[in-house]
Every structure is written in C-alpha cells, then in structure tokens.
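Q: Any chance you can model this:
(one chain, ligands or ions: 1)
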Amino acid sequence: MRRLGILLSGRGSNFSAIAGAIDEKRLDAEIAVVISNRPEAPGIAAARNRGLNAVVLPSRGLDREIYDRLLIDELRKHGAELVCLAGYMRILSGHFIREFSMRILNIHPSLLPAFPGLDAQHQAIEHGVKFSGCTVHFVDEGLDSGPIVTQAVVPVLDTDTADTLSARILKEEHRIYSEAIGLVVSGRYRIEGRRVIAESP
Ligand code: GAR
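A: This is a model prediction of the structure:
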C-alpha cells in the first residue's frame, strides 16, 4: 500500500514535508496524485513544480456525495491506495470513507480528542491548556474522531497567539505525518478497539 493520494485545500506545507521525506528516502512511498478542491491552493502549484500528478477538482457548489464520487474516480485512476488529508478543509461523505475504509489518514493541529474541528490552535489558547500538539489519525465517519496513529506535544506559552502556537505545532506536524504514513504503509501495526499498536519489525 505504497501509493499515496494527497488531498489538500491550501498552503500544502504538510504535503511538501511528505514529498521531502520521500525524496530523502525517509519514507518508502510514492505520491500517485495530489488533488485540491480549491483552484488557487498554493499546495497544488507546489505539486506541479515537483512534477507530480496535480489535479484541481473544484468543489464549490457541488453536492458532497457527487463531488466525492469524482474524487474517488480520480484517486482510483491514479492507483492511490492510501489517502492522506493534508489541510483538506472539506468534510468527506460516508460513501468516500467507506470506500477507503481505514485507508484515510488526517493530520489535525491539536491533541485529539481535545479541540476537533476548525481553529484548533485558537480553541486551545482560549481553553487555557498548557500543552497542545498534533495528531495523525485514521478517518472515520465522526469529526476528527478515528483511531489515533501518533501524536506530538508542544507547550502553550502565556505569550502565544494562535499564529505562534500554530507555527510551533506545524513543525511537529511535518515530522510526525511522514512517520505515521511510514508505519501504515509498512503494514506493521494492528488495531485493537480504538488503539493503533505498532508492531516491532
Ligand atoms: C495544518 O495545520 C493541518 O493540521 C490543518 O490545516 C493546516 C494545513 O496546513 N488541518 C486541519 O485543521 C484539519 N482539520 P498545510 O496546508 O500547510 O499543510
């Protein structure tokens, strides 16, 4: 299961970190296609610059299930086996999630199950937590609720704004997403209930 389908909506720094890890042979995988639902996403330009298959599928105004069927067709066309959400700011339909059951990963900028949904870093600051971080998890039909593959912790400083906290978390995102993809691609894990347990080589 080495062929990745990356979905993004914006900047694409997580995508670039994954592509960098593959280039540097820290991650044994291949990017089959990068798809953006927003034509203006800088991440799609970055994918093109790397010479990857980069596809824009505008989602605006389309019914969720109809759009997701187009998405599935495009992923299948390129032989994507594992779907990696990398700042993909659109909720997936149940149909899509069932089609790629336990083969969709997401990265979220909080220590789930705290602060799911939008503006997780702002939510963390407002709540007054002293530590936050990021989570890579399998996507199920709930909101940021699937089994957790890995997490990283960062401190929240009294002086933090959502921007400074986001930058500290993003550095960890770039590190752990490739590691988590590597584990899933290797198949060296098992799932017990909600627990994702890495198996030793
Ligand atoms: C990242 O911080 C990612 O965790 C977050 O969007 C940002 C995308 O940045 N995702 C979510 O909030 C998903 N709910 P990027 O486009 O530079 O990778």
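
Q: State the distance from the nearest residue in space to residue 198 that is not next to it in sequence to residue 87.
A: Excluding the flanking residues, the one nearest residue 198 by CB to CB, 6 or more residues apart in numbering is residue 189, at 5.1 Å. Quick note: C-beta positions are derived from backbone N, CA and C, even for glycine. Separation of residue 189 from residue 87 (CB to CB, to the nearest Å) stands at 24 Å.

Q: before we move on, what about residue 108?
A: In this view, residue 108 and residue 87 are 10 Å apart by CB to CB.

Q: same thing with residue 69?
A: 22 Å.

Q: got it, and residue 94?
A: 22 Å.

Q: Tell me which of the two has more neighbours.
A: residue 87 (21 against 12; other CB atoms under 10 Å).

Q: For the more buried one, give me its contacts.
A: 8-15, 43, 107 (CB atoms under 8 Å, 6 or more residues apart in numbering).

Q: same question, residue 89
A: 9-10.

Q: Can you read off the pLDDT for whichever residue of the chain sits closest to the ligand?
A: Proximity of the chain to the ligand (CB to the nearest ligand atom) peaks at residue 87, 2.7 Å away. pLDDT, residue 87: 97.

Q: Show me which residues of this protein are close to the ligand?
A: Selection of the chain residues close to the ligand by CB under 6 Å from any ligand atom yields 8, 10-14, 43, 86-87, 107-109, 120, 170, 173.
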